[in-house]
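In: return atomic coordinates for the entry below.
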Amino acid sequence: MSEADPGLFGPSSVTWQMHGDPMMWVAGVRALYLQALHPRAVRGVMQNSDFRSDAWGRLMRTANFVGTTTYGTTEAAEKAGARVRKIHSMLDATDPHTGERYGVDEPALLLWVHCAEIDSYLHVARRSGFPLTDAQADRYIREHKVSARLVGLDPDAVPADQAEMSAYFEKVRPELAAGEEARAVDDFLLRPPAHPLLVPAREVLWRCVAHLAYAALPPYAHELYGRPAPKPATVSRRLRATGTLLRGVPARLRWQLPPKHILRAMARLGPGARPAPYKLGRQGAILDKPGEGGE
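Out: Residues are numbered from 1 along each chain as shown. The predicted structure follows:
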């Protein structure tokens, strides 16, 4: 093992291998759709930022945070978490119906955002053909007690496996609704603003991603939004086809896109740190042991 700092997860973790997959972009959009269904959580976003004009920035900031905490040094990851906690501590929102004012860093809201994100990453990856056993899927969820801590959650209060994650969503479902803010998120994701010259590309590329991400939501989310989705078998075929297409793009080419977290991690730890799905098969015995994801 290299003496260089492997970060919070390290190359032997499920997170290290899975977060290098290009389907994480589809998963990120699914997470936005899902997160918007919690009225208190999405209200905090809409009242504290101009989502319609800065949604791209928000998506990129989230991607940068995930990249830093996955592939960055321990110091970089901890600093990223501290920044997020500081920003959240200064923000609040108001319920227009009751006048209640509440902080966006309420544990229940942070937990919803965390679970919607981790569930989306795992769901889209597996359904699109990324090879994970059930034990490795549980390990992935358990590894993200670390990311939960970074945003201000008690690691012991977050789901530790698929069964606990399912139980959490079942418990929170009565609180979900497609309110005005959720409709605004839905409208943006379907018709994001773009320069006139880029509209054709938006129509061809972005709509494909948005429609696929929406289709990958659980059935109750489709019911809340009031828009139908293709049959599950059709969605699974489309996810697999998209995953096959995107994974056909050479990884070195994909990883050249800023901010190049993976390339920097490989420079720090050596070429053996390169994330690749096949490594999960080799590491099965290691990954099924209890503990965190670091080497």
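In: what about the strands in this protein?
Out: Using DSSP state E, the strands of the chain run over 92-94, 101-103.
In: most tightly packed of those strands?
Out: Mean neighbour count (mean count of other C-beta atoms under 10 Å) peaks for strand 92-94 among these, with a mean of 16. For every residue, glycine as well, the C-beta is placed using N, CA and C.
In: for it, packing partners?
Out: helix 39-48, strand 101-103 (3 or more C-beta pairs under 8 Å, 6 or more residues apart in numbering; DSSP states H and E).
In: can you add mean pLDDT and distance to Ala267 and give the strands of the chain back as TSV?
Out: Below are these laid out as TSV (pLDDT from 0 to 100; distance: least, C-beta to C-beta, whole Å):
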stretch	mean pLDDT	distance to Ala267
strand 92-94	96	41
strand 101-103	97	39
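In: so Arg85 sits right up against Asp105, yeah?
Out: Yes: under the contact definition of C-beta atoms under 8 Å, Arg85 touches Asp105, with a separation of 7.3 Å.
In: for the residue nearest to Ala148 when sequence neighbours are not counted, report the pLDDT, please.
Out: Distances taken as C-beta to C-beta, 6 or more residues apart in numbering put Val158 closest to Ala148, at 4.4 Å, once the chain neighbours are dropped. On the pLDDT scale, Val158 is placed at 98.
In: what's the burial count for His211?
Out: For His211, the neighbour count with other C-beta atoms under 10 Å is 18.
In: hmm, I typed the wrong one, I wanted Ala177.
Out: Neighbour count for Ala177, taken as other C-beta under 10 Å: 12.
In: spit out the contact partners of it.
Out: 37, 39, 224 (C-beta atoms under 8 Å, 6 or more residues apart in numbering).
In: what mean pLDDT does stretch 27-39 get?
Out: Here the average pLDDT along stretch 27-39 is 96.
In: err, stretch 224-240, not the other one
Out: Throughout stretch 224-240, pLDDT has a mean value of 97.
In: now it: buried residues?
Out: Residues 224-225, 229, 235-236, 238-239 are the ones in stretch 224-240 that count as buried (16 or more other C-beta atoms under 10 Å).
In: who wins for proximity to Lys260 among the helices and strands packed on strand 92-94?
Out: Lys260 lies closest to helix 39-48 among those, at 27.6 Å (C-beta to C-beta).
In: give the buried residues for the closest one.
Out: 39-46.
In: kindly report the same for stretch 149-168.
Out: Within stretch 149-168, the residues scored as buried using 16+ other C-beta under 10 Å are 149-153, 158-162, 165, 168.
In: any idea how far it is from the middle of the chain?
Out: 14 Å (C-alpha atoms, centre = their mean, to the nearest Å).
In: can you tell me the distance between the two ends of it?
Out: 18 Å (C-alpha to C-alpha, to the nearest Å).
In: touching that stretch from outside, list them.
Out: By C-beta under 8 Å, 6+ apart, the residues outside stretch 149-168 that reach it are 69, 77-78, 80-81, 84-85, 88, 105, 107, 110-111, 113-115, 118-119, 134, 137-138, 141-142, 144-146, 148.
In: ok, the spatially closest residue to Gly44 that is not a sequence neighbour - contacts?
Out: Leaving aside its sequence neighbours, Gly44 sits nearest to Val104 (C-beta to C-beta, 6+ apart; 3.7 Å). By C-beta under 8 Å, 6+ apart, the contact set of Val104 is 41, 44-45, 48, 88, 91-93.
In: just the closest of those residues to Leu253, please.
Out: Minimum distance to Leu253 across those is 32.8 Å, recorded for Val45 (C-beta to C-beta).
In: just the pLDDT for that closest one.
Out: As predicted, Val45 sits at a pLDDT of 89.
In: quick one: low-confidence parts of this protein?
Out: Low-confidence segments of the chain (pLDDT under 70): 1-2, 51-56, 193-204, 282-295.
In: redo that, cut-off 90
Out: For the chain, applying pLDDT under 90 flags the ranges 1-4, 45, 48-63, 187-208, 252, 256-259, 277-295.
In: now the residue nearest the centre of it: closest residue in space, sequence neighbours ignored.
Out: The centroid of the chain falls nearest to Glu117 when counting by C-alpha atoms, centre = their mean (3.8 Å). In this structure, Glu117 finds its nearest non-sequential neighbour in Ala31, 4.6 Å apart by C-beta to C-beta, 6+ apart.
In: go ahead and confirm the one you found touches Leu122.
Out: No: contact between Ala31 and Leu122 fails when scored by C-beta under 8 Å: they sit 10.7 Å apart.
In: hmm, back to that, of the helices and strands packed on strand 92-94, which is nearest Met24?
Out: Nearest of the helices and strands packed on strand 92-94 to Met24, taken as C-beta to C-beta: helix 39-48 at 20.4 Å.
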